[in-house]
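Chemist: For reference, the sequence and a predicted model appear below.
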Amino acid sequence: MTAQLITLTVLASGSGTTLQNLIDLIAAGRLNARIVLFIASRPGIKAIDRARLAGIPAHIVERKPYTSPEPFSDDVFKLIDAANPDLVCCAGWLSKLVIPARWLGRIMNIHPALLPKFGGKGMFGHHVHEAVLAHGCKVSGCTVHFVDDQYDAGPIILQRTCPVLEGDTPDTLAARVFEEEKLAYPEAIRLFQNGRLKIQGRRVEITESPHAPAM
């Protein structure tokens, strides 16, 4: 049975490669979803152009003018509330959010490492891959998790791995990890869409069948 269409809001702070992956999957009919809103935390980023080219309503809530996360988060969630998506997807979103209770369990993030290692404030993009290489890791990968009020700390939904090869640079490792990200994020969205994710404290159970209506 075809899953019911899921509506998404996507948040990004950079080039928008994850946003583009979702746009491409939707266009190819491989993800039964519609992105109803895009929010950027910085002006002038490529992700804004990607969203507008795809016909997605795009807004900028610049983090810099705010003195704390609370008023910034309030303005972000005003836009999200107005769009009323089924799920919010952080896709390279670098600004801390204070999550309203009504959105807990309905916001996902993807991180380019195997959490809980190589996460937390300041650990994003090449900083992550540089740390993985500096530690001599033999395996890396990505993690999709629900978002809470701490950086990279919400319950883990799923992870995918890839090898770290001799001679890897942050760029070559990032490219290999991103290939896993392109598979992991839509998989997690589909699990949510089909009502198969059950949060139990720090753990996310992937159920065989829907435990509750997906939306």
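Modeler: Perfect, I can see it now.
Chemist: how many neighbours does residue 166 have?
Modeler: Burial of residue 166, expressed as a neighbour count using other Cβ atoms under 10 Å, amounts to 6. (Each C-beta comes from the backbone N, C-alpha and C, glycine too.)
Chemist: Which of the three states applies to it?
Modeler: With DSSP: H, G, I helix; E, B strand; the rest coil as the basis, residue 166 sits in coil.
Chemist: Let me know the pLDDT of it.
Modeler: The model reports residue 166 with a pLDDT of 95.
Chemist: now it: how far from residue 89?
Modeler: 34 Å (Cβ to Cβ, to the nearest Å).
Chemist: again, but for residue 137
Modeler: If you go by Cβ to Cβ, the gap between residue 137 and residue 89 works out to 27 Å.
Chemist: which one of those two has more residues nearby?
Modeler: residue 89 (27 against 18).
Chemist: Show me what the longest helix seen in the chain is packed up against.
Modeler: Scanning the chain for the longest helix, with DSSP state H as the assignment, gives helix 170-193. Where contact means 3 or more Cβ pairs under 8 Å, 6 or more residues apart in numbering; DSSP states H and E, helix 170-193 is packed against strand 6-12, helix 17-27, strand 87-90, strand 107-111, helix 126-134, strand 139-146, strand 156-163.
Chemist: Can you name the residues in contact with the shortest one?
Modeler: Put plainly, it is strand 87-90. Taking Cβ atoms under 8 Å, 6 or more residues apart in numbering as the criterion, the residues outside strand 87-90 that touch it are 6-12, 18, 22, 80, 103, 106-110, 147, 185, 189, 192-193.
Chemist: ok, it: who's next to it in the sheet?
Modeler: According to DSSP bridges, strand 87-90 has the following sheet partners: strand 6-12 (parallel), strand 107-111 (parallel).
Chemist: pretty sure residue 207 contacts residue 198?
Modeler: Yes - at 5.6 Å, residue 207 and residue 198 qualify as touching, with contact defined as Cβ atoms under 8 Å.
Chemist: Could you break the chain into its assigned domains?
Modeler: Each structural domain of the chain that the record assigns through automatic domain parsing is listed here as a residue range: 1-103, 110-209.
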